[in-house]
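In: missing the sequence, but the structure's below:
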């Protein structure tokens, strides 16, 4: 009997004894417990037998009269109700006053703080209210008790507490008694005891003092307490005979054929499993268990519970004595041994995972005790191939423990007809073996792969104690399989000196490579490089994260590509180039090579390089296209800018892509590339700028330059011929010895001027931009369609240079110091051309409106035009000499532009100009400049005549009593006032501009008449003069009188804006371009001077004469 059984028996005995003792007590007795209230537990270590006896006596104390004792009355720890109410009231007042002191003095007026105060005060009030409610409920409850005897409840509660303490003390006493009976055990069941029981019916304990005699009897003498040897030998001999007969008569399983009988028992051995010893009493009794030994070696020592095993085996042999019990015994022991071995393998795997070579998470396994299967995985951290898997279980065919290596290539082998073994669940606690069924396999392997791995073991026996060696072999084979797969791709090479090493050729320069060694760690399953560089360390981490061989090959190709990129970057940086590490595009540059090949194994990387003097954001883009066997480099020009922190490709040259192999890249070619690439950058920069400005353009090729290019684009003094100009598309120079490069770009005029059609009638539709990289000069060539007026005026500020051989061709020229300035000169050229457009338009209109011999442009600037248009504008007054010297022009036009367009024209008349009087009206009228030009031309003769009349009066001021003054109401009405203060006459001559309809045409005419405001009568001194003007001028006499000295009308310009009033008039009329009206006369600009001169001669002479006659009479 085990110690647990003994302990259980002791507990039962103690419990029965206690119950018997209670039964012997009086039925009417009541157990009382008297103990200290403060004693709640009893320490079993310090409890003595006297304490236990005393406690038992107290439990069995019973009153003789059978009446239970009264519950003790408790008087301590009781407080009067009034005192409780008083204390609660004092507590409430203190809490409220303390809250008021702490919160009312706080001056913070924050709204959140005020709300928190209210919440806190509300919580305090609720808490105090709950305390009073508790008191109120307690009082109400006390009133419900009969006679308010709630003290009995207090006494009863105290009695329950003391009784509970007594019961706890009794429990601890029982535990102490149980601990004191630890030595109360039965003797072991050995062979001698079994013989004693067989012979005497009971064991011969030392207290019996019985001995067996040689004759088979019993004696009480103390001479010899042992069984005689003869008796033992006789019994064993009889048992041997009985066991041999039973074994001969029973059906034995094939595994039990190896047995022998000895010492009254049968020894049955099963190889590598167990040896069991059975015996019996007689031939009619069944076998019973004697002993069991394991025949397999293990490093772990497992406790064998033979007692439980003996009970199970004896029950199996006794209950199945008529049903081939030995067969059932073998099945039971066989399954037990397999389960035990599987558990011991589980322990061994745990040791390898925790403290062995596979520690650190490199291997993991799951032990399923219900299915009797162990599923394990190795190379947990390595992902190349599939994770290694293995399964340990019972083979259905051999009924033995096996380890099966499961992997993507092993499943194909298992599917072959010669390998149909499979592990599966039996539904019991042990594994079974079956011969049918298929496994989940991967069909990706062909028969050739099976033949390649056919010699590789997959099923392993003798696992117990040999798991580590088996796993080492599996991992070694797995690494070989991966190496074979990698070698079959052609990417790697095998090292002749070490078969475990894979060689990968990595470029060191453009023309040489060096092998790097890669191996597989058999513990972790991870790849590693020998003597790794930082680049190799970075890529080995990527390699170990791959799960497929194709992904691993792609990563190695990416490593090769990065190495090539690193080599190229070093070559360019050593020769003065700048390789940008910042520019990264979301999409790769499209390549022609990749589009044509349609191969998925191509990898691409883009390098963005430039020179220090290059324009910003322009790069030479090297596209490296790498495959497993070759590498091609494409060179193109591109522009990349950053928009909101993201790099975007804004321009890419897809027409002139230069492709070359990696082996052809040398330092000499890179150095020469610096000299030949510059003008290509500028060309594409200009093309991009023109495209952004939506200017149609085209680069002139060598063929175009030699055949179709105008001759004025190439200067005569140019030392090189047209064949020396580089082809702008290819950048290949035919004069590389002089390093002279010229690019010519054709542009459309309208698109260059942003759609303006202003110069279409002036310039030809095509312009040519010529960039001379040797002299750092840029020119824009254009050509006039016809000989325009502006060509006759020199304007140095426009920087227009005319070609010597072609009078209509000109160019704009600028010298650049930096390549980035070339684009800015496009805006400069456009601005100058727009200024040329504006100036040309204004000059053409001036020539058109002032079409006379008197018109002449005095000065020309981009925003200012000064010109003369008046006849005889030479004042003889001495006061005007200084102004004439300063202002030699009649009119100045200031051109106000906005966004390269004419916004307004400011017309300023010189002070010597007789029309200067209308300057305020021009400034405030916001008139169109076409109207102003027509007005100035039409009224020029009028204001010239008025100026002569007024100047004449100023020169003869002493001899003339008539004052002549000019007044303007607006631009269409003028008045000439003759005032003689001596006589008291005032004559107002009004001149108006009106639209007159004659012969179906609307023309502007001067309407000349006298004002009716003075009311001149026949008695007035001014009446004869007015009457004479009406009779001699307004009547339009057809005969020219000799007394009249009118102006010669033959000087009138035939091209004047005014039209003839009467084309049928004859030379006999004084004013052929005039029309008689009722109270005046209407004429155009050709007759206004003559009419006003004659009127002035009449009014001036008569008035002065009249004045003189009056003076003499006085």
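Out: Here it is on my side, so go on. No experiment lies behind these values; they were computed from the predicted model shown.
In: Where do the helices of the stretch 101-250 of the chain begin and end?
Out: 111-144, 151-180, 191-200, 229-249 (DSSP state H, counting those that start in this stretch).
In: Can you lay out the ones you listed as TSV showing mean neighbour count and distance to residue 602?
Out: (Glycine included, C-beta is placed from N, CA and C.) Shown next, in TSV, are the helices of the stretch 101-250 of the chain (neighbours: other C-beta atoms under 10 Å; distance: least, C-beta to C-beta, whole Å):
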stretch	mean neighbour count	distance to residue 602
helix 111-144	11	67
helix 151-180	15	83
helix 191-200	15	86
helix 229-249	14	80
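In: lowest-confidence stretch among these?
Out: Of all these, the minimum mean pLDDT falls on helix 191-200 (a mean of 74).
In: elements contacting that helix?
Out: In terms of contacts (3 or more C-beta pairs under 8 Å, 6 or more residues apart in numbering; DSSP states H and E), helix 191-200 is packed against strand 211-212, helix 229-249.
In: Redo the ones you listed as TSV? Include distance to residue 179.
Out: Below are the helices and strands packed on helix 191-200 laid out as TSV (distance: least, C-beta to C-beta, whole Å):
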stretch	distance to residue 179
strand 211-212	37
helix 229-249	40
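In: Tell me which of those lies nearest to residue 91.
Out: Checking those against residue 91 by C-beta to C-beta gives strand 211-212 as the closest, at 88.5 Å.
In: what pLDDT, on average, does that closest one get?
Out: pLDDT averaged over strand 211-212 gives 58.
In: now swap in stretch 558-572 and tell me
Out: Mean predicted lDDT for stretch 558-572 stands at 89.
In: again with stretch 846-861
Out: Computed over stretch 846-861, the average pLDDT equals 78.
In: Stretch 482-489 too?
Out: pLDDT averaged over stretch 482-489 gives 86.
In: do stretch 1075-1095 as well
Out: When pLDDT is averaged over stretch 1075-1095, the result is 86.
In: Now do the same contact list for the most centrally placed residue in the chain.
Out: Nearest to the geometric centre of the chain sits residue 646, at 9.8 Å (C-alpha atoms, centre = their mean). Residues in contact with residue 646 (C-beta atoms under 8 Å, 6 or more residues apart in numbering) are residue 586.
In: circling back: now the helices of the stretch 101-250 of the chain in TSV, with distance to residue 98?
Out: TSV is the format used below for the helices of the stretch 101-250 of the chain (distance: least, C-beta to C-beta, whole Å):
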stretch	distance to residue 98
helix 111-144	10
helix 151-180	34
helix 191-200	84
helix 229-249	96
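In: Ok, which of those comes nearest residue 575?
Out: helix 111-144 (69.7 Å).
In: Any idea how far the closest one is from the middle of the chain?
Out: A distance of 58 Å separates the centroid of the chain from that of helix 111-144, by C-alpha atoms, centre = their mean, to the nearest Å.
In: which helices and strands does that helix pack with?
Out: helix 81-104.
In: Determine the angle, from 0 to 180 degrees, between the helix it packs on and helix 111-144.
Out: Calculated by axes from the mean of the first three to the mean of the last three C-alpha atoms, to 10 degrees, helix 81-104 forms an angle of 180 degrees with helix 111-144.
In: The closest residue in space to residue 983 that isn't next to it in sequence: what's it in contact with?
Out: Closest residue to residue 983 in three dimensions, ignoring its sequence neighbours and counting by C-beta to C-beta, 6 or more residues apart in numbering: residue 1021, at 4.8 Å. Neighbour list for residue 1021: 980, 983, 984, 985, 1106 [criterion: C-beta under 8 Å, 6+ apart].
In: Quick one: end-to-end distance for stretch 977-986.
Out: Using C-alpha to C-alpha, to the nearest Å, one end of stretch 977-986 lies 7 Å from the other.
In: quick check: mean pLDDT across it?
Out: 81.
In: same question, stretch 865-873
Out: 78.
In: Tell me the buried residues in that stretch?
Out: Using 16 or more other C-beta atoms under 10 Å as the test for burial, stretch 865-873 gives 865, 866, 867, 868, 869, 870, 873.
In: Ok, stretch 392-399 next?
Out: 392, 393, 394, 395, 396.
In: wait, which of those residues is closest to residue 906?
Out: For the buried residues of stretch 392-399, the nearest to residue 906 is residue 392 (104.2 Å; C-beta to C-beta).
In: residue contacts, the closest one?
Out: 342, 345, 373, 374, 376, 401, 402, 403, 404, 463.
In: tell me the contacts of the fifth one?
Out: Translated: residue 376. Here residue 376 is in contact with 349, 363, 364, 365, 366, 389, 390, 391, 392 (C-beta under 8 Å, 6+ apart).
In: before we move on, what SS does the residue nearest to residue 983 have?
Out: coil (DSSP: H, G, I helix; E, B strand; the rest coil).
In: how near is it to residue 612?
Out: 95 Å (C-beta to C-beta, to the nearest Å).
In: Equivalent analysis for residue 947, please.
Out: Taken as C-beta to C-beta, the span from residue 947 to residue 612 is 69 Å.
In: And these two? Which one has more around it.
Out: Neighbour totals were compared for residue 947 and residue 612, and residue 947 leads with 21 against 7 (other C-beta atoms under 10 Å).
In: what about residue 710, distance to residue 742?
Out: Applying C-beta to C-beta to residue 710 and residue 742 gives a distance of 15 Å.
In: Show me which of those two is the more surrounded one.
Out: Taking other C-beta under 10 Å, residue 710 and residue 742 do not tie; residue 742 has more neighbours (24 against 14).
In: Quick one, grab the pLDDT at the more buried one.
Out: Looking at residue 742, its pLDDT reads 76.
In: closest one to residue 540 among the helices and strands packed on helix 191-200?
Out: Nearest to residue 540 among the helices and strands packed on helix 191-200 is helix 229-249 (67.3 Å), distances taken as C-beta to C-beta.
In: where's the closest residue to residue 1095 other than its chain neighbours, which helix or strand?
Out: Of all residues not flanking residue 1095 in the chain, residue 1029 sits nearest, at 5.5 Å (C-beta to C-beta, 6+ apart). Assigned by DSSP states H and E, residue 1029 belongs to helix 1023-1029.
In: quick one: buried residues of that helix?
Out: Buried residues in helix 1023-1029 (16+ other C-beta under 10 Å): 1025, 1026, 1029.
In: same deal with stretch 971-978?
Out: Per 16+ other C-beta under 10 Å, stretch 971-978 contains these buried residues: 971, 974, 976, 977, 978.
In: surely the fourth one meets residue 968?
Out: Just to be clear, that refers to residue 977. No: here residue 977 lies out of contact with residue 968, judged by C-beta atoms under 8 Å, at a distance of 11.9 Å.
In: picking up where we left off before, in the buried residues of stretch 971-978, find the pair that's most separated.
Out: Among the buried residues of stretch 971-978, the pair separated by the greatest distance (C-beta to C-beta) is 971 and 978, at 22.9 Å.
In: Skipping its backbone neighbours, what lies nearest residue 863 in space?
Out: Per C-beta to C-beta, 6+ apart, closest to residue 863 is residue 895, 4.7 Å.
In: All good on my end, thank you.
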